[in-house]
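Chemist: can't give you the sequence, but here's the structure:
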């Protein structure tokens, strides 16, 4: 990837590592377990549950990885070895027998990365004896999900409940920047997870650490070794780091946690600098957006695909017709809508198109993310609009660092278009996005715009995400409710409702949107507008009928005015929380309910009007109730002006939400005159 490192990828070295001296600094004293590959004991095989989590479907007995540099007559290699052992406790745990190993294999590169060895066993206890079945070549196959990555997939053989599976492999790489990261926690318990990295003094890596669990082992050592360069020996310091975590629980996602991978404990590495003995000074690796732009520009493929408009004259005529007086924004909207609805995304994120020209995608009506958005960009250019490719790391790759991008995480390509002096970010792969709304999966750090003068743009949600509701409801003397409600949703609130509506019946989608499920409220009829027109608000009008919504006695009615429209419990149930709360986007709710009271009843008790906020005023809530003759007008306004609440502010957030829930439990009491 980094051309200026090419000379460093191949050295003709002639001696392997020889241990000379060692200095050690240890920060924790937990002892690493000794596990021999291929040897399991009967206690592990006899286990039927995991004591710390009896409901676990499986658990990791042991996982260890080691990354180090190795030299032989062919040159220097970066080696990664991994050994995994898992106990299967139920039929659901069989999913852990399916494994995939990624290998970095870009096209047209002189450097190579290979899976040198792979072996595995399924261990079973049969009639009191341990038997094992080896992983065979027929259990493995190769796939290439992106132009730069090849996956080796395999399924452990003869697996059944009670089995212990284990596998180990070795990857050899010419890419000194591709130092493997490590994930400690999983969705099943982990008894022991350990990672060791041995970095020669030639290289310096930035280490990115995330997570909220403590290390059982955090050890640093310095080892002096000999390496050979052009017939002479050099003494080299090897900086060895070893980290381990022990007895990790199965990770459980919490409410308002959009991407668990962003908070689970892990570490990643990026090359920061290098220096060999013949170099006068240490060479910094400018791992910044400018360098990445330079590298992508050398490939030309993405930029050319997005710019070339060959063969799209008729395509544009099909979309826009012969009208010549359309505004640039109208042209953009029409082109986006056509590509979004008529060209099917194949599910593959990629910053590189496989096809050679956009016309091919127009004809096939399908493609990866770079191809679909490349077609969109080419059509916009054909229509006279300035458009450019923009690369980013989707949320599947983990949390992006906006100031320190990692090249091989840039897995997605969208479009920047300028229309009527306004800049739009577009992604036509999602049926729920619009010219003003990217798919939620794109909101991750920054995007690099591949214009002649490159620039970056922050991928954040705008504040225009609202839900308004107005309802007029008649309360009968026997406690029933009937009436009409209208709602309007915009931005990502409408986006999420459209997602729900696409996978369920419209009635169920409406019930979920209005929080009616399980509350005894029926929808007699409804109208829905904007469910397929993503650039418009999503509007609903429903006729509601509900029985026994008020408690009745001989002379009184008691009703909770928001009982049917809000959650009855605090979604932040945990007393403490170690992870941030992620709202994903700022939003506002505004509800107005008008209750028409039964004749002959007067108001004896109503909730007190109130307004309150969090300590930082980023979340505010207002409750107001007004009386007008035989009507009660109840107002609910919630405003969330942030996307994230850190753990230090969680107690304040939880208290804030407790007040909302408590307010919604307060009652209106009517008495017969």
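Modeler: Received it, and whenever you're ready, just let me know what you need. Only a predicted model underlies this, so the values are computations on that prediction, with no experimental measurement involved.

Chemist: which regions of the stretch 451-600 of the chain lie under the pLDDT threshold?
Modeler: 505-520 (pLDDT under 70).

Chemist: now do the stretch 1-150 of the chain
Modeler: 1-29, 73.

Chemist: make it 80
Modeler: Scanning the stretch 1-150 of the chain for pLDDT under 80 picks out 1-30, 71-75, 106-110, 145-148.

Chemist: quick one, strands of it?
Modeler: Secondary structure of the stretch 1-150 of the chain (DSSP state E, counting those that start in this stretch): strands located at 21-26, 58-72, 75-88, 98-104, 113-126, 129-134, 140-146, 149-155.

Chemist: same check, this time on the stretch 201-350 of the chain
Modeler: 203-210, 217-229, 232-248, 266-274, 283-284, 344-345.

Chemist: quick one: which of those is nearest residue 128?
Modeler: Evaluated with C-beta to C-beta, those place strand 232-248 nearest to residue 128, the distance being 29.4 Å. Bear in mind the C-beta positions are built from the backbone N, C-alpha and C, glycine included.

Chemist: For the closest one, name the packing helices and strands.
Modeler: Packing partners of strand 232-248 (3 or more C-beta pairs under 8 Å, 6 or more residues apart in numbering; DSSP states H and E): strand 190-200, strand 217-229.

Chemist: Return the most buried member of these.
Modeler: The highest mean neighbour count among these, using mean count of other C-beta atoms under 10 Å, belongs to strand 190-200: a mean of 21.

Chemist: if we can go back for a sec, make a markdown table out of the strands of the stretch 201-350 of the chain and add distance to residue 554.
Modeler: Converted to a markdown table, the strands of the stretch 201-350 of the chain look like this (distance: least, C-beta to C-beta, whole Å):
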| stretch | distance to residue 554 |
| --- | --- |
| strand 203-210 | 62 |
| strand 217-229 | 71 |
| strand 232-248 | 60 |
| strand 266-274 | 64 |
| strand 283-284 | 84 |
| strand 344-345 | 63 |
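
Chemist: Got phi/psi on residue 376?
Modeler: Dihedral angles of residue 376 (phi, psi; degrees, to the nearest 10) stand at phi -60, psi -50.

Chemist: so who does the spatially most central residue of the chain touch?
Modeler: Centroid-nearest residue in the chain, with C-alpha atoms, centre = their mean: residue 395, separated by 3.6 Å. Residues in contact with residue 395 (C-beta atoms under 8 Å, 6 or more residues apart in numbering) are 258, 259, 262, 440, 441, 442, 443, 444.

Chemist: repeat for residue 460
Modeler: For residue 460, the contacting residues are 443, 643, by C-beta under 8 Å, 6+ apart.

Chemist: Which element, helix or strand, includes it?
Modeler: If you go by DSSP states H and E, residue 460 is not part of any helix or strand.

Chemist: Residue 479 touches residue 546, doesn't it?
Modeler: No - here residue 479 does not reach residue 546: they are 9.3 Å apart, not a contact under C-beta atoms under 8 Å.

Chemist: For stretch 354-374, measure first residue to last.
Modeler: With C-alpha to C-alpha, to the nearest Å as the measure, stretch 354-374 spans 11 Å from end to end.

Chemist: all helices in the chain, in order from the N-terminus.
Modeler: 6-9, 42-46, 289-299, 301-307, 313-320, 328-342, 358-364, 369-382, 491-503, 506-513, 650-664 (DSSP state H).

Chemist: Tell me the buried residues in the second one?
Modeler: Read that as helix 42-46. Neighbour-count burial for helix 42-46 flags 44, 45 (criterion: 16 or more other C-beta atoms under 10 Å).

Chemist: so what does it touch, helix or strand wise?
Modeler: strand 113-126.

Chemist: cutoff 10 Å now
Modeler: strand 75-88, strand 113-126, strand 129-134 (3 or more C-beta pairs under 10 Å, 6 or more residues apart in numbering; DSSP states H and E).

Chemist: quick one: contacts of it?
Modeler: Here helix 42-46 makes contact (C-beta atoms under 10 Å, 6 or more residues apart in numbering) with 61-62, 85, 87, 123-126, 128-131, 162-164.

Chemist: now with 6 Å?
Modeler: Around helix 42-46, the neighbours that count as contacts under C-beta atoms under 6 Å, 6 or more residues apart in numbering are 125, 164.

Chemist: likewise the last one?
Modeler: Residues outside helix 650-664 that contact it (C-beta under 6 Å, 6+ apart) are 562, 566, 570, 572, 577, 612, 614, 615, 619, 621, 623, 645.

Chemist: residues near the last one, how many?
Modeler: Pointing back at residue 645 there. 24 (other C-beta atoms under 10 Å).

Chemist: got it, and the first one?
Modeler: When neighbours are counted by other C-beta under 10 Å, residue 562 registers 22.

Chemist: Ramachandran angles for it?
Modeler: Backbone torsions of residue 562, given as degrees, to the nearest 10, read phi -110, psi 10.

Chemist: Who are the contact partners of it?
Modeler: So residue 562 contacts residue 664 (C-beta under 6 Å, 6+ apart).

Chemist: Return the distance of it relative to residue 595.
Modeler: 11 Å (C-beta to C-beta, to the nearest Å).

Chemist: Compare the strands of the stretch 1-150 of the chain and give me the one nearest residue 298.
Modeler: Using C-beta to C-beta, the nearest of the strands of the stretch 1-150 of the chain to residue 298 is strand 98-104, at 17.4 Å.

Chemist: Mind giving me the packing neighbours of that closest one?
Modeler: strand 113-126, strand 149-155 (3 or more C-beta pairs under 6 Å, 6 or more residues apart in numbering; DSSP states H and E).

Chemist: export those strands to TSV and tack on distance to residue 295?
Modeler: Converted to TSV, these look like this (distance: least, C-beta to C-beta, whole Å):
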stretch	distance to residue 295
strand 113-126	17
strand 149-155	17
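
Chemist: closest one to residue 428 among the ones you listed?
Modeler: Of all the helices and strands packed on strand 98-104, strand 149-155 comes closest under C-beta to C-beta, at 23.5 Å.

Chemist: Pull out the buried residues from the closest one.
Modeler: 149, 150, 152, 154.

Chemist: cool, stretch 359-373 as well?
Modeler: 359, 360, 361, 362, 367, 368, 369, 370, 371, 372, 373.

Chemist: do the same with stretch 589-609
Modeler: 589-598, 601, 606-607.

Chemist: now stretch 315-333
Modeler: Buried residues in stretch 315-333, counted by 16+ other C-beta under 10 Å: 315, 316, 319, 320, 328, 329, 331, 332, 333.

Chemist: Report the contact partners of the third one.
Modeler: Shown here is residue 319, whose contacts under the criterion C-beta under 6 Å, 6+ apart are 334, 335, 338.

Chemist: who wins for proximity to residue 400 among the helices of the chain?
Modeler: Closest among these, once you apply C-beta to C-beta, is helix 289-299, at 11.9 Å.

Chemist: Run the chain-centre distance for that closest one.
Modeler: Computed by C-alpha atoms, centre = their mean, to the nearest Å, the chain-centroid distance of helix 289-299 equals 25 Å.

Chemist: Now do the contacts for the nearest residue to residue 479 once chain neighbours are set aside.
Modeler: What sits nearest to residue 479 in space, not counting adjacent residues and going by C-beta to C-beta, 6 or more residues apart in numbering, is residue 550, at 3.8 Å. Taking C-beta under 6 Å, 6+ apart, we find residue 550 in contact with 479, 557, 559.

Chemist: please redo it, this time with the cut-off set to 7 Å
Modeler: By C-beta atoms under 7 Å, 6 or more residues apart in numbering, the contact set of residue 550 is 475, 479, 557, 558, 559.

Chemist: All set now, cheers.
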